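> I would like the atomic coordinates for the input below:
(chains A, B, C and D)
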Amino acid sequence: MGILAAVNRVYWHEFFFMLFAGISVVFAVCVLLTQNIVRMAFYLVLSLGSTAGLFFLAGAEFVGAMQLMIYVGGTLVLLIFGVMLTAQQRYVKMNTHPTDWVLATIVGGSLLVLLIGAAAGVDSWKDASASKKALAELDVDDARTATPLGLALTGVRVDKLDSDDPALANGQSGYLLPFIIVSVHLLVVLIGAAYMARTKRSATAPVGRAERARLNIMQMEHETDDVVYSASKQSSSSLLDSDQSQAEESTDEAQE
Amino acid sequence: MFGLEITPVIAAITVSHYLIVGAILFVIGAVCMATKRNALGILMGIELVLNGANINFIAFGSPYLRDDNLGLDGQLISLFVIVLAAAEAAVALAIALNFYNNHNTIDIDRADELKG
Amino acid sequence: MNLQQLIKQLANDSTESLSWFLPEIVLCAVIMLLLLVRLFDGKQRLDLWFVAIAGSVVSFLFSQPWLVCGGGVERTEIFTGLLVIDGFTIAVRSIILLFLVLFLVFTKISGIPDSDDSPDIYTLVFGATLGMCLMVSSNHLLMIFLAIEMASVPSYALAGMLKGRKRGSEAALKYAIYGAGAAGVMLYGISLLAGLTSSAHLPTIALQLAENLGTMSGSEQLVLVLSGLLISVGLAFKLSAVPFHFWAPDVFHGSCAEVNAFLSIASKAAALGLLVRIGIGVGYVPGLEQEVAQDVEAGPAVVAGLLPVAEEAIEPIEDSVEQEVTVNEALQPVRDFIGKLIALLAMITCTFGNLAAYSQTNIKRLLAYSTIAHAGYMMMAIAPLMSSLGSDYGVAEGALSGLLLYIVVYVFMNLGAFAVVAFLRNYIASEEIADYSGMIRSRPYIVICLVLALFSLVGLPPLAGFLGKFAVFASIADAFRATDATYLLVLLLVGGVNTALSLYYYLRVAKIMVMEEPAEGVDIEQYPKAGLEAVYLVAITLPTALLIFFWNPVHAYVVDAVKALIS
Amino acid sequence: MIGSLVSTGASTVTEFISQNIFGLDDPNWFMYLLCGVIAAVLVLHVIAVGALFFIWAERKIAGRIQDRLGPTRVGGKFGWLQTLADGVKLIAKEDFIPRDADAPLFKIAPYIAFAASFAAFLALPFADGAVAHHVNTAVFFVLAVLGLEVFGVILAGYASGSKWSLFGAMREAAQVVSYEVPLGMCVVIPVFVAGTMNLTTIGEMQAGWFNNWLVFHDPFTFIAAIVYFTCATASVNRAPFDLAEAESELVAGFHTEYSGLRWSFFFMAEYGSMFLVSALASILFFGGWHPPIPIDIWILEAFADPDLVAAGPLKDAVPSLVTFLVMLIGIATLVAKSVIGVVVMMWVRWTFPRLRIDQVMATCLKYCVPIAAVCFVGSMTWETLDLPSMNTINRYEIHEDWSEDLAVSTVGEDGVDPEWPEDENDDESSEVMDGEEAPIEEDSVAVQNGLSLQEGE
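Next comes the predicted model:
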């Protein structure tokens, strides 16, 4: 018993942070290094999934679940879907030019050094006292973030009820407007995605200005293009319908 | 491990730690955007960039990490970012498919009709 | 405060806000309507263009551009501080909505999009316009990002409007990918700024900066600079400012002239509006200056109406008064940083745009580079604004009103140019400059309109472009006199040289059309004559030519518009 | 939160074990680890043993529906050892990877599918307190994690290097992501009626007679329950929506190239998900772990200490052994309800023909989504207008620090009270659960359970 009692404190927070951060970073590097687009998507899933773990760890349960549901379960499925639709060879290799690598490494490396230096340099961000205090006072079932979040989305910031500084509380905005307006945006995007993904309807438009304009544009195109889209649809025509619903899909989901 | 007092080999987790993860994801995403030739690969890089920013927002808003924080704003902004990223990805994918239908490739280097 | 009070407060706030938000609401309603009409009108008997044009006109009317006359609009934060309404917002929003009306007429005449696609395309156009309206009124970091996304994402699809075309899809893909990347980078900068100041509300950020700027450690300043640079990436992309301009020629070349007009005008106007919003938002806290000056007489009650934060913000001021620095003086480094950054970008953008335009043979690419150059000119106006904001309000107002004037002028001259391109494409199926040669003989009205638009773009004296440029350059000169900052002088010189530079390539197009003979084997007479097109073009070009006669009211209007914003 | 991420079992269980078995005042990390392992093993058994049973049940049900006996040879009269025999066969099979396959992805795909299905069980309460990890937004979490299962299928399809697999995977991707929309909307309806996303709270609210089940709350929840079940069937890829493995067209869809143990992981994941969505349906719509007749409450009342009953929640008023018994009854009830759900899915599978892919999509987008949307609006209106309902439950009111100075519970007599009476917070407990409407006698249990939840969680 004594043995067990002696090691009562294991640094769980640190442990899980390192775990999730490690997975996230390692697989992000894998995303960068791999030449296979499908594996890239797969590593991205793992990376973003463990990012959701980080969100949980920082007390943002709802956002973490949202990340899993919409980002990983919606957006990335969409991306993989796109990969499948467009992959010609079975395993699409993408070779990056070595000079690109060198350049990217230099620029990216210096940017990284700069950003990490900035992140690690600010005193108020390095202050662990809040973290320790929070851990000490932590109630296991304390994390009720969904309700204030939901209320904030309807414009009521309950988290600012006991704000010390009422002036700053005003700057703590309710998010009713973006919540509503983003739905309009999603609708527009939905229409746009559906428009882009579906094939051009047969030209039933009456001959007139519109038709002339269209024909002229096509004619301009033909002066330089030898290939028009023709057989290209064979590969994806059967799948395009479902893809369209897919695209509508993720936005719908986001809307929820 | 039994019987030993575990000394803290690592300092307590602070906002900076999260920021470093965010910065790494951001830079990797940016490099991904620069080096990948596949349009969908670039999109994946963008997702990484957005996630790097999201980690920042969550860290800045976390009551566990910092007293004087963004509060719920951080979480709310990242919620919206997730939604917007989904919308953006949907349109970008539709455009990529449209490109593929016309060019029979998704390699962005083949997009060379427009030069000058 | 308890929840009940909070809800009451929210209800009041929302009701008040909605009256300022009517144009956007109309835009949303039109989007729904376009969808519903299509749903219930299966055979498409109703041309949805009429729905769209009616909606845009109503929206324009609801934006109430006449409100700003006499400087009557005070700065009001709506929707719990997410958006801000003032004369500048109303003016730019009205310009964008007016452009929307003109644009819809333009698309109807040019015939792109055809009736099959038009519901979708108009939905996208309205969605993007909604985002642009939000851009010019954003007062919150989330709204900035949201608005940029709302304006951009539909534009990506618009760039690929003509499907089945290699170039169109390529343009859309490039635009989407670069745009999404720039937005992501910008978001990262936003996150750093929000984290550093623990707020996402621009005036609060400005207050925080003012309080902490003096005591900031080196790393904090580094973070601040980094966030500024990263945010500027996103903005520069929207403005097609130079290191991030590369998408513009390709996208303009690949998509049709109608979309070009939309991207080069509405999108630029909104991006400039947003740039001003951010610059003023983080670099200046309105209303505080007078407070310090007339501390005793006015009292907090006056200021409280201007800005919710201001009332309590007196506290920090009094602290800082001990150090004899007011909030807005404390923010001078921020403004200098923004001003110099923008000045630098503007100079590079302008010069590059003009130089690169020389070798173009395609009119759309040429106009793309011209757009880049003009973005540079317009950004130049921000530099005097930022440099004199804290010290000399007259100059700052002059700069902002100059910018506004330039935007108004730019709408007409650029729309005219792109309209000509679209109409000529409909006639001769070409957008190569060489194919325009000798056009004056067959279609004099159109050519004259294009020549006027081009001359105006150069900034030749009697035309409107000159007035816009003059206003901007004059404000730079004023600011230089007021502050003695060398970079303003450089800016002025670069602007002048660029104007001279740009003369050549615009004139070249005019020369080809007017002076040269039609190419061999091309019988331009065989193509249709201009009808409705000429009427539209004349209507668009007239303001460019006649602005000089209405200079005073227009100038008074733009001055009124910016009055409440600063002083 | 951080602690709870690590802690497994309700933290009370961890404390219970550490106090009573190891004699520690506070559970230490080892306790958390131990309880974690125990909980993980228990949940694993739900899937593994469940699959064992369900495979046998499916064979028997299929047999009976098709007017034959089903397995009889192995294991006596009912053929109950059949699954075990299957398992031995699967393990003994050659592990086979096609030449064209992307080997690492091919290998890892089944485990991803299985892990997603398994992880969703983490937040699923089997009874009050019998939950592996208490998540406040459990409904959302379960749906989110369950949605990840599709990755296993997509990767399997892609990595197999076979066009049948690829087609199956693409269909699966399109289908699952599409059906998540109506599924989510249907789930939101009981969440809205209950006022919380906490599954334990939702379950506890429905205590009492079966009329308290949320499915009987109003006509719209009733329809929503049906739509939910349809969409759940589709989202776990069961017939008639099993396009991803349509034998008649795609050989076996995404798992064409799989054999042996890896294949069985897909199978376990499928049965695990079936069980999971059925259990979710039980909790959200069908009373959770409460039997139709309130046996559990009768037992509690029978053993309750009369002195304590008045003082606090019923559960505190009875000896812990009895509450443990009640928990067991709850677990049994929930499992029984879930099994019924799974059996219905099997029944459907062997009754209806498979849909075409366009029909699947049309079902989702043209029928399920609009119906779910209408139900959502309808249910919301019903609740807001406080129309008559068979339920006697009350909406769960959030009770947190920030709302302590709230004057009134937000949903009271008429939804939102315009008056906002100022001084009502003298007695917090009365406003937390607004029990004025329902007859006290019938409602007291629910009220008390509700109270216990608010204090206990």
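
> Strands of the stretch 1-150 of chain D, start to end?
Counting by DSSP state E, counting those that start in this stretch, the stretch 1-150 of chain D has no strands to list.

> try chain A
Here chain A has no strands by DSSP state E.

> and the residue of the stretch 401-550 of chain C at minimum distance from chain D, what element?
Closest residue of the stretch 401-550 of chain C to chain D, CB to the nearest CB: C:Ala422 (37.0 Å). C-betas here are computed from N, CA, C, even on glycine. Assigned by DSSP states H and E, C:Ala422 falls within helix C:393-428.

> what about that helix, average pLDDT?
For helix C:393-428, mean pLDDT is 87.

> what stretches of chain A score poorly on pLDDT?
Within chain A, the segments meeting pLDDT under 70 span A:1-11, A:87-96, A:128-145, A:158-173, A:199-256.

> repeat that for 50
Within chain A, the segments meeting pLDDT under 50 span A:1-8, A:90-91, A:140, A:166-168, A:171, A:203-206, A:223-256.

> again with chain C
Looking at chain C by pLDDT under 50, you get C:290-323.

> Walking through it, point out its strands one by one.
Counting by DSSP E, residue ranges of the strands within chain C are C:76-78, C:83-85.

> Distance to B:Ile13 and mean neighbour count added to the ones you listed, as TSV?
Listed next are these as TSV, based on distance: least, CB to CB, whole Å; neighbours: other CB atoms under 10 Å in any protein chain shown:
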stretch	distance to B:Ile13	mean neighbour count
strand C:76-78	37	21
strand C:83-85	36	26
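
> So for chain D, which of those sits nearest?
Each of the strands of chain C has some distance to chain D by CB to the nearest CB; the shortest is strand C:76-78, at 23.8 Å.

> re earlier: mind putting the strands of chain C into TSV with distance to chain A?
Output for those, formatted as TSV (distance: least, CB to the nearest CB, whole Å):
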stretch	distance to chain A
strand C:76-78	8
strand C:83-85	7
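
> Reformat those strands as JSON lines; add distance to D:Pro292.
Supplementary listing: these in JSON lines, determined by distance: least, CB to CB, whole Å:
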{"stretch": "strand C:76-78", "distance to D:Pro292": "53"}
{"stretch": "strand C:83-85", "distance to D:Pro292": "53"}
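
> out of those, nearest to chain B?
Nearest of these to chain B, taken as CB to the nearest CB: strand C:83-85 at 15.1 Å.

> In terms of secondary structure, what does that closest one contact?
Using 3 or more CB pairs under 8 Å, 6 or more residues apart in numbering or on different chains; DSSP states H and E as the contact test, the elements touching strand C:83-85 are helix C:3-20, strand C:76-78, helix C:118-137.

> quick one: the last one to helix C:3-20, angle?
Pointing back at helix C:118-137 there. Counting by axes from the mean of the first three to the mean of the last three CA atoms, to 10 degrees, helix C:118-137 lies at 110 degrees to helix C:3-20.

> hmm, helix C:118-137 touching chain B?
No. Helix C:118-137 lies out of reach of chain B by CB under 8 Å from any CB of the partner chain, never closer than 9.8 Å.

> who touches D:Leu276 in this structure?
D:117, D:120-121, D:124, D:142, D:146, D:236 (CB atoms under 8 Å, 6 or more residues apart in numbering or on different chains).

> ditto for B:Asn51
Contact partners of B:Asn51, counting by CB under 8 Å, 6+ apart, are A:47-48, A:51, A:71, B:22, B:25, B:29.

> Make JSON lines from the contacts of D:Leu276 and add distance to chain C to it.
Converted to JSON lines, these look like this (distance: CB to the nearest CB, whole Å):
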{"residue": "D:Ser117", "distance to chain C": "33"}
{"residue": "D:Ala120", "distance to chain C": "31"}
{"residue": "D:Phe121", "distance to chain C": "35"}
{"residue": "D:Leu124", "distance to chain C": "32"}
{"residue": "D:Val142", "distance to chain C": "29"}
{"residue": "D:Leu146", "distance to chain C": "29"}
{"residue": "D:Val236", "distance to chain C": "33"}
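
> and D:Arg68, how many residues sit next to it?
For D:Arg68, the count of nearby residues is 9 (other CB atoms under 10 Å in any protein chain shown).

> Can you tell me how far it is from D:Met345?
20 Å (CB to CB, to the nearest Å).

> try C:Leu503
From C:Leu503 to D:Met345 the distance is 77 Å (CB to CB).

> neighbour-wise, which of these two wins?
A count of neighbours by other CB under 10 Å puts D:Met345 above the other of C:Leu503 and D:Met345, at 22 against 15.

> Helix, strand, or coil at that one?
helix (DSSP: H, G, I helix; E, B strand; the rest coil).

> if we can go back for a sec, so what's the residue of the stretch 401-550 of chain C closest to chain D closest to, chain neighbours aside?
In this structure, C:Ala422 finds its nearest non-sequential neighbour in C:Ala257, 3.8 Å apart by CB to CB, 6 or more residues apart in numbering or on different chains.

> close enough to count as contact, the one you found and C:Ala417?
No. Taking contacts as CB atoms under 8 Å, C:Ala257 lies outside contact range of C:Ala417: 9.1 Å.

> Which residues are in contact with C:Ala52?
By CB under 8 Å, 6+ apart, C:Ala52 lies in contact with C:30, C:34, C:104, C:118, C:122, C:125-126.

> And for A:Thr105?
The contact partners of A:Thr105, taken as CB under 8 Å, 6+ apart, are B:Val31.

> ok, now how distant is it from C:Leu230?
To C:Leu230, A:Thr105 is 20 Å away according to CB to CB.

> and if you look at C:Asp478?
Applying CB to CB, the value for C:Asp478 to C:Leu230 is 32 Å.

> count of neighbours near the nearest residue to C:Ala151 once chain neighbours are set aside?
Sequence neighbours aside, C:Gly131 is the residue nearest to C:Ala151 in space, at 3.3 Å (criterion: CB to CB, 6+ apart). Using other CB under 10 Å, C:Gly131 has 28 other residues around it.

> check contacts around C:Gly131.
By CB under 8 Å, 6+ apart, the contact set of C:Gly131 is A:185, C:146-152, C:154, C:270.

> thought A:Lys126 was touching A:Ala120?
Yes. Applying CB under 8 Å as the test, A:Lys126 and A:Ala120 come out as touching, 6.9 Å apart.

> which residues do these two both contact?
With CB under 8 Å, 6+ apart, A:Lys126 and A:Ala120 have common neighbours B:Ser16.

> Quick check: buried residues in stretch D:63-79?
By neighbour count with 16 or more other CB atoms under 10 Å in any protein chain shown, stretch D:63-79 contains the buried residues D:63, D:70-71, D:79.

> Between all of those residues, which two are at the greatest distance?
Comparing all pairs in the buried residues of stretch D:63-79 by CB to CB, the longest separation belongs to D:Gly63 and D:Gly79, at 9.2 Å.

> Find the residues that touch each one of those two.
By CB under 8 Å, 6+ apart, the residues touching both D:Gly63 and D:Gly79 are D:70-71.

> so what's the nearest residue to D:Val215 once chain neighbours are set aside up against?
Excluding its sequence neighbours, the residue lying closest to D:Val215 (CB to CB, 6+ apart) is D:Phe285, at 4.1 Å. By CB under 8 Å, 6+ apart, the contact set of D:Phe285 is D:190, D:213-215, D:221, D:224-225, D:228.
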